[in-house]
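Student: My questions are about this predicted structure, shown below with the sequence.
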Amino acid sequence: PCSRAAHPSRKTRLCLDRSFVADIAAHAAPSVALVLPRGVRNTTAQGSGFAVEVDGSTLLLTSAHVASGGTRVDVALPDDGFAVTVRASVVGRAPGGEDLALLRLEEVTMSRDAATLYL
C-alpha cells in the first residue's frame with residue numbers, strides 16, 4: 001500500500017511501486033481509442049489515440065501519419081470493446097510538422113469519464 005496521501009484534486013492515488021505501470025494503464029484505458037484509416041492507401045493500417053479536451057471539446061490526439069493514411073478515418077472506442085467504429089474528421093495538425101493530429105468524432109461523443117484521466 002501507498003503511504004502518501006492522495007492529492008486533494010485527484011480522484012485516485014497512484015504510488016511508485018511494482019503496480020505503477022498497471023495502475024496508469026488501468027486509469028488511462030477508458031480514454032484510449034483505436035484509429036483506423038480507411039480508403040485507398042494503408043487499408044490495413046491502424047494506430048491509437050487518446051481523448052484530450054481542447055477549448056471545452058473532447059477530441060482525440062493521434063499520429064498525423066495514421067490520420068492521413070486513408071481517404072477517411074474511423075475510430076473504435078473502448079466502451080463497446082472496440083467492436084463498433086464511428087467516423088472521425090481531422091480538425092487539426094501540429095503546426096511545426098510534428099507527427100500529431102486532432103480528430104473529432106462525427107457520430108458520437110465520448111463520455112466525460114472516458115475523456116478525463118484521473119492521475
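Tutor: Done, it's in.

Student: Report pLDDT for residue 64.
Tutor: Predicted confidence (pLDDT) at residue 64: the value is 90.

Student: Can you list the residue ranges for helices in the chain?
Tutor: Listed from the start of the chain, the chain has helices (DSSP state H) covering 20-28, 64-67, 112-115.

Student: Can you list the low-confidence ranges for the chain?
Tutor: Within the chain, the ranges that satisfy pLDDT under 70 run 1-16, 40-44, 69-70, 107-119.

Student: ranges for the strands of it?
Tutor: 32-38, 47-54, 57-62, 72-76, 85-93, 101-105 (DSSP state E).

Student: What helices and strands are in contact with the first one?
Tutor: Translated: strand 32-38. Helices and strands touching strand 32-38, by 3 or more C-beta pairs under 8 Å, 6 or more residues apart in numbering; DSSP states H and E, are strand 47-54, strand 57-62, helix 64-67, strand 72-76. Just so you know, the C-beta spots here come from the backbone N, C-alpha and C atoms, and that holds for glycine as well.

Student: Give the buried residues for the shortest one.
Tutor: Taking 16 or more other C-beta atoms under 10 Å as the neighbour-count basis, helix 64-67 is seen to contain the buried residues 64, 66, 67.

Student: Okay, and the beta partners of the residue nearest to the last one when sequence neighbours are not counted?
Tutor: For residue 67, ignoring the flanking residues on the chain, the nearest one in space by C-beta to C-beta, 6 or more residues apart in numbering is residue 101 at 4.0 Å. On the basis of DSSP bridges, residue 101 takes part in beta bridges with residue 62, residue 93.
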